[in-house]
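> Next comes the sequence, and after it the predicted model I'd like to discuss.
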Amino acid sequence: MSLTPGKIYKLLLDHFGNQNWWPVDKDYHKRNDSDPRFEIIVGAILTQNTAWGNVEKALKNLKANNSLTVKKVVETKNLKTMIQPSGFFNQKAKRLKILTSHLHKNYEDNLDKFFNKDLQEIRSELLSINGIGPETADSILLYAGNHPIFVVDAYTKRICKRLPVKINEESYDEIQQYFKRELHKCFPKKDTTQLYKESHALIVELAKNYCKKKPECKKCPLKNQCEFNLS
Ligand code: SF4
């Protein structure tokens, strides 16, 4: 029997437990009366092409300078310096400025107004912003906006290449539709948003710990079902 997204989810949940993503500093936002969803939006852009540890350093700088709000990012002249640890800081600063100006101009910095819109409408809006591709847009929509949309990243694509699935492993849309369909089949009663949040986080854990560029199948929790390992 081949591994399906539903089986992968169950096995990974047993192995790693709930991941409760996205990691945000709730205490900081309580103390500063700021919106934790904005930390997710910024994190989703800063994490492009870099390790999460570097993003954390950049977020720490933004917090230390009291600059983790839409208004502050729009106004600050020091954005590049603060986000420097995340790499590609010229490009990322430009992307953050464009997105925050959009939120400022069209939604008066109010994330409720933005996220309360129809999912496909805001997705198209995000994708029309320079530097925001499907992975970044869907991460923002799922983890900050609480919208039911499955995130596909390089790790998901790598795992799909090793599973016996009949899809184009390079196609974002095909992979996304496949996971959505299969997860629904297996868990029709589960909260879809929560299921997508956990499922993506667990796939990231699998790829970081076992299904690396050079897979470590012997220790992997999927080893007894994975055809790549068994073949
Ligand atoms: S058994 Fe190997 S190939 Fe299969 S998911 Fe695990 S690490 Fe990846």
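Thanks, I have it. Residues are numbered from 1 along each chain as shown.
> Mind telling me what element the spatially most central residue of the chain is part of?
Per C-alpha atoms, centre = their mean, the C-alpha nearest to the average position across the chain is that of Ser139, at 3.5 Å. Applying DSSP states H and E as the criterion places Ser139 in helix 134-139.
> and the next element down the chain from that helix?
From helix 134-139, the next helix or strand downstream (DSSP H and E) is helix 154-162.
> and the helix or strand of the chain with the lowest mean pLDDT, does that touch the ligand?
In the chain, the helix or strand scored least confidently by mean pLDDT, DSSP states H and E is helix 227-230, which has a mean of 83. Yes - against the ligand, helix 227-230 shows contacts by C-beta under 6 Å from any ligand atom at Phe228, Asn229. For glycine as for every other residue, the C-beta is placed from the backbone atoms N, C-alpha and C.
> ok so, going back, my guess is the residue nearest to the centre of the chain contacts Phe150. True?
No - under the criterion of C-beta atoms under 8 Å, Ser139 is not in contact with Phe150, lying 10.6 Å apart.
> wait, isn't Phe89 in contact with Arg95?
No - taking C-beta under 8 Å as the definition, Phe89 is not a contact partner of Arg95, at 10.5 Å.
> Report the separation between the residue nearest to the centre of the chain and the ligand.
As defined by C-beta to the nearest ligand atom, to the nearest Å, Ser139 lies at a distance of 22 Å from the ligand.
> which residues sit in contact with that residue?
Trp22, Ile40, Ala44, Val151 (C-beta atoms under 8 Å, 6 or more residues apart in numbering).
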